[in-house]
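# sequence unknown, structure follows:
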């Protein structure tokens, strides 16, 4: 198998996947629409008798929901019906993983860009249809920060997608993960809720409080690579169209 | 040149052996029929050859490569079965277009002509096709892809007799025009007789026979005669099948090479040819008497 | 409390993701999905364009004015005439001829209210003083109206402006991460606000114990 052959197969599969998983764009629109509705009350608000209420608007909720969408969609890519469709034509596991990696990046790009733009949709809707006194905006004025921010959104979504992909692959590898992983996630959430577990908050801060773009880039892409490596190893012996 | 080569291939499914120490090889540009009862391991073998499943042990070579995880084998082989489900939101024309993008030797003219001949509608979806239509469509994909190794697993499932015959004619014509290595598994061996060059007979994951079709046709003969005479004469020889043919009359099927026909004639037995499909059934019979034994 | 909110969010997430899961599997018609997706994309692009032509003000960090002593100080010492007139936000002049006046507020949320008795007749003069509240670098008080005070037959209604709603547009968190912008201020200083009522001696002002009302000079 030459490198060129692999590249050709990956390219073909990449475009095929867009046709195959077009339904993902449907759920993207629905997910973001729901998140926008949730955002109408403001991502945060403060109030007092003297100033009334102040709502702070941003598309944070849309972003978080898009993370979830990416996670679920990537997980679904690994499930049997999706995989069977994928493996109809020319493939091997390596080309399949590589094309999935790229496909998820493309999905993240679309999801991230629309999540970013949905912030404007939210704000324009609030401006036009809500009887609120608008105090002002806090727009980012530096183009470098805007570019870095958009890339970061895409990277975060890609990271969640590859996490979902890894979880799905592990479940395909050993069914026990289907019970294990949700238990771990829910357990962690409860832990955070009950004791504000330091370790988990530190993980969150590690990714989302990083103020250096370079470090964000390194941290997320390293996570993506790790997830795909684990996925590739765990599904290397997986048989298809059982 | 050997296109497919298997040596001591075993496939475990759970504890059961779907394939058991199977060894055979298939030459380039032949049509082989893969025959066997349900559960003989036909599908397992084809899926391993197509690179979909992984052999548990032994050596599998398709186009000199191990098919599992081989991009080269995947590009040069196609596995068609009736569970060949296409994405439901692609219509039939779009599926053909995808096939064309993936397979380098794709023959568009053939695909389109067959598509029109069998009266498919471009906007139809695969999921909405009837079982027979779906099989027909899958076979069109298999034909048009013109892969060096084409594996058909029960390709005619659900097709009516007329379509089956037409499909086999198309298969033969296209094979003559563009020779390649084809394996077809099917229940209907009679209809395939004129098409097949070789027959590979499996039973319980083991190879029973691997013969040219012509030899299979001559493999066995049926003898009808008086029971005592027949049984006496056949003592020590393998009787593939026997049944009562009337009062004191017995019909027995034996390997042609085991007996001498002139002698049989001399003993007053009626000699009848045994069709290749009957041979296959008799050889893979679960013990003497077949299903009747259950009611005994 | 946090447990409840986490559980609620968890439930919302589960419902939405179950829905997303189902939708992904749904064999929706390709044409419909295309139409939906592209109209959504169009809507996003249009709203981004619209956003940039909206007359929106960028936040400018105003220097917080904390000059001069506290407003309370002036009232406690009775030097109301020395207050900078810039802090007067609203004034009402009524003439009231009755003998008794009932003071009502709508939310039990009156600012500190000082009542000053005067020898003038039929006097009812109300002044609302406010030192601005700054949030996030904005002078919020510039956007608030102040209380609404109305006089009817025998009562004075002071309606606060709790109902006023304001919006501030913020960038999303990955952008905030690379800048010093925050979604919400960690803390904000309330400016002081005081209602000053000057009323004739012979008018009997009636109010409840718990209303935040002080008589000057007592």
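Looks like it arrived, so ask away. Keep in mind it's a predicted model, so treat the numbers as computed, not measured.

# For the chain, just list every one of the helices.
In the absence of a named chain, chain A is used. For chain A, the helices defined by DSSP state H occupy A:3-20, A:23-39, A:60-77, A:80-86, A:93-129, A:143-173, A:177-195, A:198-208, A:213-234.

# actually it's chain C I care about, not the one you picked
Going by DSSP H, chain C shows helices at C:2-25, C:30-53, C:71-76, C:173-177.

# I'd like the mean pLDDT over the first one, please.
On average, the pLDDT along helix C:2-25 is 64.

# okay, now residue A:124: neighbour count?
21 (other C-beta atoms under 10 Å in any protein chain shown). (C-beta placed from N, C-alpha, C; glycine too.)

# now do residue A:29
By other C-beta under 10 Å, 20 other residues sit near residue A:29.

# For it, give me its contacts.
Residues near residue A:29 by C-beta atoms under 8 Å, 6 or more residues apart in numbering or on different chains: C:36-37, C:40.

# of all of chain C, which residue lies closest to chain A?
Residue of chain C nearest chain A, by C-beta to the nearest C-beta: residue C:164 (3.2 Å).

# And that residue, how far from residue A:41?
According to C-beta to C-beta, to the nearest Å, residue C:164 stands 16 Å off from residue A:41.

# Which residue of the two possesses the greater neighbour count?
residue C:164 (18 against 12).

# That one - nearest residue in space that isn't next to it in sequence?
Leaving aside its chain neighbours, residue C:164 sits nearest to residue A:52 (3.2 Å; criterion: C-beta to C-beta, 6 or more residues apart in numbering or on different chains).

# Same question for residue B:217.
Sequence neighbours aside, residue B:276 is the residue nearest to residue B:217 in space, at 5.3 Å (criterion: C-beta to C-beta, 6+ apart).

# I'd assumed residue B:189 was in contact with the one you found.
Yes - here residue B:276 reaches residue B:189: they are 5.9 Å apart, a contact under C-beta atoms under 8 Å.

# anything in contact with each of those two?
In terms of C-beta under 8 Å, 6+ apart, residue B:276 and residue B:189 are both contacted by the residues residue B:199.

# Compare those two (neighbour count), which wins?
Higher neighbour count among residue B:276 and residue B:189: residue B:276, with 26 against 21, using other C-beta under 10 Å.

# Next, give phi and psi for that one.
phi -60, psi -30 (degrees, to the nearest 10).

# Contacts only, for it.
Counted by C-beta under 8 Å, 6+ apart, residue B:276 has contacts B:189-190, B:193, B:199, B:213, B:216-217, B:219.

# farthest-separated two in those?
The largest separation in the contacts of residue B:276, counting by C-beta to C-beta, is between B:190 and B:219 at 15.0 Å.

# Counting neighbours, go ahead and name the busier of these two.
Neighbour totals were compared for residue B:190 and residue B:219, and residue B:219 leads with 20 against 12 (other C-beta under 10 Å).

# is it true that the more buried one touches residue B:211?
Yes - between residue B:219 and residue B:211 there is a contact under C-beta under 8 Å: 7.0 Å.

# if we can go back for a sec, doesn't residue C:144 make contact with the residue of chain C closest to chain A?
Yes - taking contacts as C-beta under 8 Å, residue C:164 lies within contact range of residue C:144: 6.0 Å.

# Could you name every residue contacting both of the two?
By C-beta under 8 Å, 6+ apart, residue C:164 and residue C:144 have these common neighbours: A:51-52.

# Tell me how many other residues crowd residue C:93.
When neighbours are defined as other C-beta under 10 Å, residue C:93 has 10 of them.

# Could you measure from it over to residue C:85?
16 Å.

# which ones are touching the residue nearest to residue B:68 when sequence neighbours are not counted?
Distances taken as C-beta to C-beta, 6+ apart put residue B:54 closest to residue B:68, at 4.7 Å, once the chain neighbours are dropped. Applying C-beta under 8 Å, 6+ apart to residue B:54 gives the contacts A:237, A:239, B:48, B:68.

# one more time with 10 Å, if that's ok
Residues in contact with residue B:54 (C-beta atoms under 10 Å, 6 or more residues apart in numbering or on different chains) are A:236-239, B:11, B:47-48, B:60, B:66-69.

# Show the buried residues in these.
Buried subset of those (neighbour count, 16 or more other C-beta atoms under 10 Å in any protein chain shown): A:238, B:11, B:47-48, B:60, B:67-69.

# Thanks a lot, catch you later.
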